[in-house]
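1. Build the 3D model from these lines:
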Amino acid sequence: MVEIKTPEQIAKMRAAGLVVAEALKACREAVAPGVTTGELNDIADAVIAKHGATSNFRADHGGLWFPGVICASVNEEVVHGIPGERVLKEGDLISIDCGAILDGWHGDAAITVAVGGTAAENAMLSKVTEGSMWAGIAQMKKGNRLVDVSRAIEGFVRRQPLPPKGKWGITEGYGGHGIGTAMHMEPHVLNYVAGRGKGMKLVPGTVLAIEPMVSLGTPHTEVLADDWTVVTTDGTWASHWEHSVAVTEQGPLVLTAFDGGRAELAKLGVTAAPDPLG
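-> A predicted model of the protein is given here:
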């Protein structure tokens, strides 16, 4: 079952999304050589608590307990990196994924941040991944199909010039998801087109987390012995970007972006829906 939200419920999700946006902003500002991923976790934890929200990451997920309020995935780690004692170094690339629950509604988003200066191809990797996310978000319109989102993400990546020493690998086996009264809900959102199915029709009240994961090499991954951290099988670096997005009568509303997605969507010729919180 796909959970369809009322405008009032979307407004509540917007409030949760803004908590996530503030937590990620604080983490982004703190990223620097010498900072540990555990310190970033503490920063996000404080922001979530300040707003009276709770973490939807630090919980039991199908029998596996995740100990952090963020996932901190560095370099070849794609997603689900456990924050802790790892010290960030100049040139690293860290993906920070964060979520929060406020008044029973969930928010979820992710960013990739360069630690100090980073190689040009790593900066390019992050830019391509973020761009593919916005291409997918732009398809979150009434009457479109789920496959339109997947096709837009994949198409954006495939159109980009190849990095000097690699290629673009769209991670297989992981993708976006429905979100609302739980963090992970139906439907699963592929970041590429598979088969001939069109998927569900997007109707007002549909809320999805759009989250492409792209590497500089293979699309294949494996899970480390900690049962959480997902890494590329060839050791190439990866990037992960994510926003929670609602389909409304007026267009897409990016719940986890401070401006609701207006600026980035305008670049793509799409008008974001009005912010229900003003």
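2. which residues does the closest residue to Gly176 other than its chain neighbours contact?
-> Closest residue in space to Gly176, ignoring its immediate chain neighbours: Val189 at 3.2 Å, by Cβ to Cβ, 6 or more residues apart in numbering. Glycine gets a C-beta too; all of them are placed from N, C-alpha and C. Under the criterion of Cβ atoms under 8 Å, 6 or more residues apart in numbering, the contact list for Val189 reads 146, 149-150, 175-177, 208-211.
3. Same question for Gly173.
-> For Gly173, the set of contacting residues under the criterion of Cβ under 8 Å, 6+ apart consists of Thr221.
4. Can you check my assumption that it lies in a strand?
-> No: when classified by DSSP: H, G, I helix; E, B strand; the rest coil, Gly173 is found to be coil rather than part of a strand.
5. Just the pLDDT at it, thanks.
-> On the pLDDT scale, Gly173 is placed at 91.
6. What ranges does the stretch 151-278 of the chain have for its strands?
-> When assigned using DSSP state E, counting those that start in this stretch, the strands of the stretch 151-278 of the chain occupy the ranges 169-170, 176-178, 185-189, 207-210, 213-215, 221-223, 230-232, 238-240, 243-248, 251-254.
7. Please convert these to CSV, extending it with mean pLDDT and distance to Gln139.
-> Shown next, in CSV, are the strands of the stretch 151-278 of the chain (pLDDT from 0 to 100; distance: least, Cβ to Cβ, whole Å):
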stretch, mean pLDDT, distance to Gln139
strand 169-170, 98, 16
strand 176-178, 98, 12
strand 185-189, 97, 11
strand 207-210, 98, 9
strand 213-215, 98, 18
strand 221-223, 98, 25
strand 230-232, 98, 26
strand 238-240, 98, 19
strand 243-248, 98, 10
strand 251-254, 98, 8
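8. Go through those strands and name the closest to Glu130.
-> Distance to Glu130, taken as Cβ to Cβ, is lowest for strand 238-240 among these, at 7.7 Å.
9. what does the closest one rub up against?
-> Contacts with strand 238-240, where a contact means Cβ under 8 Å, 6+ apart, come from 73, 75-79, 93, 95, 97, 110, 112, 125-126, 128-130, 171, 211-216, 232.
10. again, only this time at 6 Å
-> 78-79, 95, 110, 112, 125-126, 129, 213-215, 232 (Cβ atoms under 6 Å, 6 or more residues apart in numbering).
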